[in-house]
Each structure stands twice: as C-alpha cells, then as structure tokens.
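Enquirer: Pasted the sequence and its predicted model underneath.
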Amino acid sequence: MDSPLFIDIVLYTIYVLLAVAVLLTVWSVVRPYVRGERCEVRGENGVPARRIAWLTAGLLVVTLAVTWLTASTQPLNINGKTFSDAFWLRMSDMLINTALVMIVVLTITLTLTITLTLTKTKRNV
C-alpha cells in the first residue's frame, strides 16, 4: 500500500513545529538568566510562577521517564506491515502516553483552579 499523498509535507511541518517549540522553550528558560532578571517568589497577582514552571518541567521529565519504562515493545501489524523496532515502539508509546497524562493533569488543575477561585469569590462577596 502506498503512503498518503502529502505525507512528506506533513512530516516536514511536524519537524519545523517541533524545532520551533524546542527553541522557544530553551529561549524562555535561558532569557531571564541572561538578562539577570529576578523572579519574585510570588509574581504578578500572587501567582508563584517560578514554582509552577519547575513543577511543570519536573512532572514532564518524570512522566517521560515513567512512560518510557512502562512502554510496550510488542510488534505492531499496521496495514499489513510489521513494525518491530523496540526503540521506536517505546518512543511512540512514551510520547502518546505522556501527552495523555499531561492532558489529564491539565484538566484536573483547571477544574481545581476554577472551583477554588469561585469558592474564594463567593466567600468575599
């Protein structure tokens, strides 16, 4: 079976977007140190930005490690072709599961934040 029509364009777009995301991430981490900026313990509006950034980065690293260790290496049969390279099977499983875990964490965090904010607002009124 032939590959889809514009698969090369899709792959190169993904590579460019990944490179841009990595560069922006590195830039946003390095920029405050190069400028000599100090991050307050409680930034704007009392939000602990530094702690949130470190917790997010730590959660990402831990999730990547755990999902790599628990990833399946069982060969896949897709469109009549068997994929059996253990490294790429683990890599794809790790990225998919990490994305799912981060989405769940995001959903829980947003729900708690909205609930706590509404509760605090009702108390102050």
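Expert: Ah, there it is.
Enquirer: Compute the mean per-residue pLDDT across the longest helix along the chain, please.
Expert: Secondary structure of the chain per DSSP state H: the longest helix is helix 86-124. Averaged over helix 86-124, pLDDT sits at 91.
Enquirer: Going by neighbour count, which residues of it are buried?
Expert: Buried residues in helix 86-124, counted by 16 or more other CB atoms under 10 Å: 89-90, 93-94, 97-98, 101. Every C-beta, even on glycine, is put in place using the N, C-alpha and C of the backbone.
Enquirer: closest to Leu64 among these?
Expert: Proximity of the buried residues of helix 86-124 to Leu64 (CB to CB) peaks at Thr98, which lies at 5.5 Å.
Enquirer: quick one on the thing from earlier: packing partners of the longest helix of the chain?
Expert: In terms of contacts (3 or more CB pairs under 8 Å, 6 or more residues apart in numbering; DSSP states H and E), helix 86-124 is packed against helix 49-69.
Enquirer: packing partners for the helix it packs on?
Expert: helix 86-124.
Enquirer: how far out from the middle of the chain is the helix it packs on?
Expert: Here the centre of helix 86-124 is set off from its chain's centre by 10 Å, with CA atoms, centre = their mean, to the nearest Å.
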